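Q: Kindly return the folded structure for what I paste below:
(one chain, ligands or ions: 3)
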Amino acid sequence: MSTQLTPDAVTVLDRLAIEVPSWAYGNSGTRFKVFTTPGTPRDPYEKIADAAQVHAHTGLAPEVAIHIPWDLVDDYDALSAFAAEQGVGIGTVNSNTFQDDDFKFGGLTHEDAVIRRKAVDHHLACIDIMDATGSRDLKIWLADGSNYPGQTDLRGRQDRLHESLQEIYARLSGDQRLVLEYKFFEPAFYHTDVPDWGTSYAQVTALGDRAMVCLDTGHHAPGTNIEFIVMQLLRLGRLGSFDFNSRFYADDDLIVGAADPFQLFRILFEVIRGGGMDEGTPVAFMLDQCHNIEDKVPGQIRSVLNVQEMTARALLVDHEALRAAQVAGDVLGANAVFMDAFQSDVRPALAEYREARGLPADPMAAYAGSGYRERIVADRVGGTQASWGA
Ligand code: PSV
Ligand code: MN
Ligand code: MN
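A: Numbers count the residues shown, from 1 in each chain. Ligands and ions are numbered 1, 2, ... in the order given. Below you'll find the model as predicted:
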């Protein structure tokens, strides 16, 4: 099958933008060990500088998501101005109610109104930051849950969650949105307050049109048909964003498309089918990954290229032929149309596509040859840890 990109495919690829997470550039690891990488950023400014390298070499990552308080600075106007100088913008603001002792038994769902107030206030402070950075999305992921049956009142927590989210939602202005991320377990092991897309959907639809669901690809039980969820959320008009990563076992946060490229293809096919890559799409694409043993900037470059490559392959699906086979009940024919696209090698076409836009044909090689890594290794000492995985 031809691996040329059609003009329509090029239009979609030109629109593709994948936000990179600031925390991907910090040191991270498991609870067993955090291996440090020489040249790791020491502050949010250096994380943004690294993220800008990803965009400079790929043209795919114009925005950097931040996480509060990991990316706390005194002056967000200054951080935004710095990002602009580097050629990127500040994107999604992620809240964090999972590392403060007060939130041991929950934040937005807590029994104690004083703790709930603190959790809501943290989100209001995140929206203040969004006002300064011009960010559209507030992304909320909650660690809230319990470990033992009977430990807590499941129903009461949903009601309190609704009240807390309502107050946060009411503070949004303009085109700002709230995206609620679900995750089936961890750190809580018995129940989690937003465990699945249905709960997230129920909570966001109770808020209003600017509340959407965030789908993190690592947050489902093994064997879950994630593309079905993608289809359904698009159909319901509530797919707000993706956190892309890949996993073999649990929430591994590995490079997107590394563990199961075919799953990424199937997801992107449904995104395209559901209009999620059309002009003005409400769907934001973001990475949520940690690079524990590999270099971080090239890890991120590889990731956005994987999304671009699978998008290009998904755009090759011959919809007319697929539909004809489906209608005719031609099971193997329909599957063959689908697989033909997946098995196409689009790499030469994408190399040409990049060159035509003044980008390196091989961004990985271009970064490796740029001298940036050597510079940061020489300049930076004592980088920061990305997340709680120590
Ligand atoms: C939780 O596992 C999560 O996916 C949320 O998006 C957090 O904000 C993020 O990871 C932190 O890495
Ligand atoms: Mn996530
Ligand atoms: Mn996660």
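
Q: which secondary structure elements does the helix or strand Ser80 falls within contact?
A: Using DSSP states H and E, Ser80 maps to helix 76-86. If you count contacts as 3 or more C-beta pairs under 8 Å, 6 or more residues apart in numbering; DSSP states H and E, helix 76-86 packs onto helix 44-58, strand 89-94, helix 113-133. Every residue, glycine included, has its C-beta placed from N, CA and C.

Q: And those: which comes nearest Leu322?
A: When the helices and strands packed on helix 76-86 are compared by C-beta to C-beta, helix 44-58 sits nearest Leu322, at 29.7 Å.

Q: tell me the angle of the closest one relative to strand 89-94?
A: 120 degrees (axes from the mean of the first three to the mean of the last three C-alpha atoms, to 10 degrees).

Q: Closest approach to ligand 2 from the stretch 1-150 of the chain, which residue is it?
A: Nearest residue of the stretch 1-150 of the chain to ligand 2: Trp141, at 5.7 Å (C-beta to the ion).

Q: Not counting residues beside it along the chain, what's closest to that residue?
A: Glu181 (4.0 Å; C-beta to C-beta, 6 or more residues apart in numbering).

Q: got a pLDDT number for that neighbour?
A: On the pLDDT scale, Glu181 is placed at 99.

Q: do Ala390 as well
A: 32.

Q: Can you tell me the element Ala312 falls in?
A: Judged by DSSP H and E, Ala312 forms part of helix 296-314.

Q: Mind giving me the packing neighbours of that helix?
A: Short answer (3+ C-beta pairs under 8 Å, 6+ apart): helix 296-314 packs on helix 7-15, strand 18-21, helix 44-58, helix 261-273, strand 284-287, helix 331-342, helix 347-356, helix 363-368.

Q: you'd agree Asp243 is in a helix?
A: No - going by DSSP: H, G, I helix; E, B strand; the rest coil, the assignment for Asp243 is strand, not a helix.

Q: who touches it in this structure?
A: By C-beta atoms under 8 Å, 6 or more residues apart in numbering, Asp243 lies in contact with 181, 214-219, 286-288.

Q: Extract the CA atoms of the helix holding Ser80 and return them as CSV.
A: Only the C-alpha atoms of helix 76-86 are listed here, as CSV (Å, rounded to 0.1, in the frame of the first residue of the first chain):
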residue,chain,number,x,y,z
TYR,A,76,4.0,33.3,36.2
ASP,A,77,4.1,36.3,33.9
ALA,A,78,7.8,35.9,33.9
LEU,A,79,7.6,32.2,33.4
SER,A,80,5.3,32.7,30.4
ALA,A,81,7.6,35.3,29.0
PHE,A,82,10.5,32.9,29.3
ALA,A,83,8.5,30.1,27.6
ALA,A,84,7.6,32.5,24.7
GLU,A,85,11.3,33.4,24.3
GLN,A,86,12.1,29.7,24.1
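
Q: buried ones in it?
A: Using 16 or more other C-beta atoms under 10 Å as the burial criterion, the residues of helix 76-86 that qualify are 76, 79-80, 82-83, 86.

Q: Gly87 reaches Gln53, doesn't it?
A: No - judged on C-beta atoms under 8 Å, Gly87 makes no contact with Gln53 at a distance of 9.7 Å.

Q: Return the residues of the chain in contact with ligand 1.
A: Residues of the chain lying close to ligand 1 by C-beta under 6 Å from any ligand atom are 23, 94, 141, 181, 183, 216, 243, 251, 288, 387.

Q: Tell me the one of those residues nearest Leu315?
A: For those, the nearest to Leu315 is Asp243 (22.3 Å; C-beta to C-beta).

Q: Go through the residues of the stretch 51-200 of the chain and report the one nearest to ligand 1.
A: Residue nearest to ligand 1 within the stretch 51-200 of the chain (C-beta to the nearest ligand atom): Trp141, separated by 3.7 Å.

Q: Can you get me a residue count around that residue?
A: For Trp141, the count of nearby residues is 22 (other C-beta atoms under 10 Å).

Q: Of the contacts of Asp243 - the most surrounded one?
A: For the contacts of Asp243, neighbours tallied by other C-beta under 10 Å; top is Cys214, 30 neighbours.

Q: Could you quantify the relative orientation of the helix or strand containing that one and helix 261-273 as an angle?
A: Taking DSSP H and E as the definition, Cys214 sits inside strand 211-216. If you take the same axes, to 10 degrees, strand 211-216 sits at 160 degrees to helix 261-273.

Q: okay, the residue lying closest to Ile168 once chain neighbours are set aside: pLDDT?
A: Closest residue in space to Ile168, ignoring its immediate chain neighbours: His123 at 4.4 Å, by C-beta to C-beta, 6+ apart. The predicted structure scores His123 at 99 on the pLDDT scale.

Q: likewise the one 5 residues further on?
A: In the prediction, the pLDDT value recorded for Asp128 is 98.
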